[in-house]
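# test case, fold it:
(2 chains)
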Amino acid sequence: MNSDNILVKLNNVGFSQNDKWLVKDVSLIVEKGKIVTLIGPNGSGKSTTAKIALGIYKNIEGSVEKYTDNIGYVPQKISIDWTLPLRVSDFMTLTETIKDDEINDALSLTGVTHLKNKNLGNLSGGEFQRVLLARAISKKPELLVLDEPVQGVDYTGEIALYKLIKKISDTLNCGILLISHDLHTVMTATDYVVCLNGHVCCSGTPIDVAKNNEYKTLFGEQASQILSIYEHKHDHEHSHEGDIKKN
Amino acid sequence: MFDDFFIRALVAGIGIALVTGPLGCFVVWRRLSYFGDTLSHSALLGVTIAYSFDLNIALSVFLISSVIALILIQLQKKTNLPGDALLGLLAHSSLAVGLVVIGFLTFIRFDIMGLLFGDILAVTTNDILIVWSGGALILIILKLIWKPLFASTVNYELAEAEGLNPDRAKAIFTILMAAVIAISIKMVGLLLITGMLIIPAAMARNISDSPMKMVVYSIIGGLLSVILGLFSSLEFNTSSGPSIIVAALILFILSLLNIKQSIKLKN
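Numbers count the residues shown, from 1 in each chain, chains lettered A, B, ... in the order given. Below is the predicted model of the structure:
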């Protein structure tokens, strides 16, 4: 592994709140141009792990090695105080001063150019989510941390945005730490999967994880069948009578 | 045409309004109005200490307000009391201690009313110097921390995640609050300084749709309040502080008309 490509590395990190471990003993690496996806049930510590990687949680166990400051973040929950008069265009330049045409480019990538001068408080959930993603990518980050980036987005939009995320990772050569509930996406557009359940229950390539027994216990047989469907699609030599598990 | 003292008050007041405009926006956005009250109440203690040890009033007020802010942060960390209770505790105890100390300082004649409500007669050339140099410094520092402070006001985690160091910006902003109180105490009086921070900013919120517009309108509102307030203070022989705040209030009421209009337009 080329260490020059490492953007962030978590070494056995853990975080506890009120004497309860939210996550423990998590290690992972995000490299340039790679998408690492965190999956796991509710409360398994996905967002916590992302926040540890970002340095939002400070009193942690283990260590975080970060090799970039140019980070774009889409949080899972965001509460914005509406005492602030804030337009989409103001929000776009929140953490970085970027040019007007760069703002336009990012907004058009996520399909919300028409919202540029709207007040942030008047957007729908899906529109706001698209603006959040546009803001995170507009600064051309080296590392993108996306926590459920397409929640509330309509179905066709969801597919388009995941395609966009994949494209961004290729064109900007940035590393992406993605949290997603959508196992379809995880299994098709990801380089590495970390399955969390308070700790790392398994990790590896999507295929490795799908075959893992602990993963099956967490997500059920259906989850591993998702992968089978995709393998059928991509593997033309595969016989329809063939047993998937042997693949 | 006008007496020198009035010109001095006007020049100092304009300097104050230029600083309270942008700072006041952050006070409204970050919900710090009661925090501002606490700092300004503690200013009385600062003034008495200045008299006791023959120090510069602005400097002494600045130091005491900063110390009170630090104590507040420590208390927040070490106790389970809610923030507003701690603010109330510090505000009233520092005010009480200040008043008690005044009681002991029998050898000095105090203009308590001037201290509480501002006195335009009291503004000296030296005060103008302090207001304008201190004010310029405050604005320069605010400009430097604007990005992290504003980003963390919108969302702390975004600012922290994207490397803007919001905690440092917040600490510096607290010091700026103490500084603005220190430079405006003579003019506005310690009971009304927070009004000077909040009311023009609140007025500006009613007529703005972007943060920068709100800052600009807040400054304009503050300037108008100072000018109108000081003229009426001269005309009706009222304390300068209340006169300025009443002028700000009138502007705020006028700005409400704008809200009604925009609600009508929406419907």
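# could you count how many residues lie near residue A:194?
24 (other CB atoms under 10 Å in any protein chain shown). Using the backbone N, CA and C atoms, a C-beta is placed for each residue, glycine as well.
# equivalent analysis for the one 10 residues further on, please.
A count of neighbours around residue A:204, defined by other CB under 10 Å, yields 15.
# for stretch A:151-165, which residues meet the burial criterion?
A:151, A:153, A:157-158, A:160-162, A:164-165 (16 or more other CB atoms under 10 Å in any protein chain shown).
# do stretch A:198-217 as well
Quick answer for stretch A:198-217 (16+ other CB under 10 Å): A:198, A:200-203, A:206, A:209-212, A:215-216.
# point out the residues in chain A that sit beside chain B.
Counting by CB under 8 Å from any CB of the partner chain, chain A comes close to chain B at A:51, A:54-56, A:69, A:71-73, A:75, A:78-81, A:83-87, A:90-91, A:94-97, A:119, A:139, A:145.
# one more time with 6 Å
With CB under 6 Å from any CB of the partner chain as the criterion, chain A meets chain B at residues A:54, A:56, A:69, A:71, A:73, A:75, A:78, A:80, A:83-85, A:87, A:90, A:94-95.
# let's see if you can find the most crowded of those residues.
Ranking the residues of chain A next to chain B using other CB under 10 Å puts residue A:73 first, with 29 neighbours.
# ok, the spatially closest residue to that one that is not a sequence neighbour - contacts?
Spatially, and ignoring its direct neighbours in sequence, residue A:73 is nearest to residue B:161 (4.0 Å; CB to CB, 6 or more residues apart in numbering or on different chains). With contact set as CB atoms under 6 Å, 6 or more residues apart in numbering or on different chains, residue B:161 has these partners: A:54, A:56, A:73.
# hmm, 7 Å instead?
A:54, A:56, A:71, A:73, A:145 (CB atoms under 7 Å, 6 or more residues apart in numbering or on different chains).
# so what does the longest helix seen in chain A touch, helix or strand wise?
As assigned by DSSP state H, the longest helix anywhere in chain A is helix A:155-171. Under the contact definition 3 or more CB pairs under 7 Å, 6 or more residues apart in numbering or on different chains; DSSP states H and E, helix A:155-171 sits against helix A:125-138, helix A:183-189.
# so what secondary structure elements neighbour the longest one?
Looking back up the chat, that one is helix A:125-138. strand A:71-74, helix A:88-92, helix A:100-109, helix A:155-171.
# flag the shaky bits of the stretch 151-267 of chain B, pLDDT-wise.
B:260-267 (pLDDT under 70).
# what's near enough to touch the residue nearest the centre of chain A?
The residue lying closest to the centre of chain A (CA atoms, centre = their mean) is residue A:178, at 1.5 Å. Counting by CB under 7 Å, 6+ apart, residue A:178 makes contact with A:35-37, A:146.
# and residue B:132, how many neighbours?
For residue B:132, using other CB under 10 Å, the count is 18.
# that should have said residue B:44, apologies.
25.
# now do residue A:15
20.
# and the helix or strand where it lies, what does it pack onto?
In the assignment (DSSP states H and E), residue A:15 maps to strand A:6-17. Here strand A:6-17 touches strand A:20-31, helix A:46-54, strand A:61-66, going by 3+ CB pairs under 7 Å, 6+ apart.
# separation between the nearest residue to residue B:22 once chain neighbours are set aside and residue B:13?
Spatial nearest neighbour of residue B:22, chain neighbours left out: residue B:215 (4.9 Å); criterion: CB to CB, 6+ apart. According to CB to CB, to the nearest Å, residue B:215 stands 19 Å off from residue B:13.
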